[in-house]
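> output the structure for:
(one chain, ligands or ions: 2)
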Amino acid sequence: MTKLSVNINKIATLRNSRGGNNPDVVQAAIDAQKFGAEGITVHPRPDERHIRYDDVRKIKKIITTEFNIEGNPQEEKFVQLVLETKPTQVTLVPDALSQVTSNHGWDTIEHKQYLKDIIAVFKNARIRTSIFVDPKIEMIEAAAETGTDRVELYTEAYAHNYETNKEEAIAPYLAAAVAAREMNIGLNAGHDLDLKNLNYLIRNISWIDEVSIGHALICDAIYFGFENTIQLYKRQLALPEGNLF
Ligand SMILES: CC(=O)[C@@H](O)[C@H](O)COP(=O)(O)O
Ligand SMILES: NCC(=O)COP(=O)(O)O
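Ligands and ions are numbered 1, 2, ... in the order given. This next block holds a predicted model:
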């Protein structure tokens, strides 16, 4: 079954808005795991506007599930942090410094050699690797040639288009997911997934190994509570009887 990795960036954003340590992101990671999260995701950005590098070190000490660190390995500081904290998985995301949030996947054709080299560095340290990609078959094919363990499908377009036409929204993701499966690479998905669009994604692509969800989940927690919200998301991940594919 698909694992839920809870992205706690937004908890750090709230903390940072006032200084101090409320809410406590380390406690949030402990609680998310207690409430059923099967992983914790963080995406430390170079300006440390939400999760700070030091948070990552502290979270590593309390992790009992899967720890996923996302970021751009072109930032040397990020590579060093990952090698120091040795998470379960590093997700490589090609974000520019000024980006508000992630808005595209890697061009795995253009950057194939670079990705191959950096993936070897992480795999030598026994860290699982995942490459953040747009849902395009040629990007999956080139990703497979880098030696990565997994790819993460960037689901912003799916989430956006789901509102108007869910069959059309899922089509490129299904094709990309089938390609990943044929190439024997693992599959993650994330960005803008929420309680409305999650179940349809999973029913169509049941072999997704992990979804990482932050923004919508933390927003929902304001209304439903953190524990209840994590359980609501896990319920969306539970496939109904029979599987569409
Ligand atoms: C790679 C990805 O889609 C997420 O990590 C997303 O970028 C969250 O990052 P922010 O919390 O900085 O928006
Ligand atoms: N990898 C995606 C992620 O960690 C969370 O993205 P979002 O749910 O905050 O859009």
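> please give the element, helix or strand, for V90.
Here V90 sits within strand 89-92, counting by DSSP states H and E.
> strand partners of that strand, parallel vs antiparallel please.
Listed by DSSP bridges, the sheet partners of strand 89-92 and their directions read strand 66-71 (parallel), strand 128-133 (parallel).
> where does pLDDT dip in the chain?
Judged by pLDDT under 70, the chain has its weakly predicted residues at 239-245.
> for it, which residue occupies the most central location?
The centroid of the chain falls nearest to S212 when counting by Cα atoms, centre = their mean (3.8 Å).
> wait, what's in contact with that one?
The neighbours of S212, taking Cβ atoms under 8 Å, 6 or more residues apart in numbering as the test, are S5, V6, N7, G39, T41, N68, E70, T91, E152, N188, G190. Placement of C-beta: from N, CA and C, glycine included.
> could I get the phi/psi values of it?
When read as degrees, to the nearest 10, the backbone of S212 gives phi -110, psi 130.
> list the contacts of whichever strand or helix holds A171.
In this assignment (DSSP H and E), A171 forms part of helix 166-182. Contacts with helix 166-182, where a contact means Cβ under 8 Å, 6+ apart, come from 133, 135-137, 139-141, 144, 151, 153, 155, 157-158, 160-162, 186-187, 189, 197, 200-201, 204-205, 207-208.
> give the buried residues for that helix.
Within helix 166-182, the residues scored as buried using 16 or more other Cβ atoms under 10 Å are K166, A169, I170, P172, Y173, L174, A176, A177, A179, A180.
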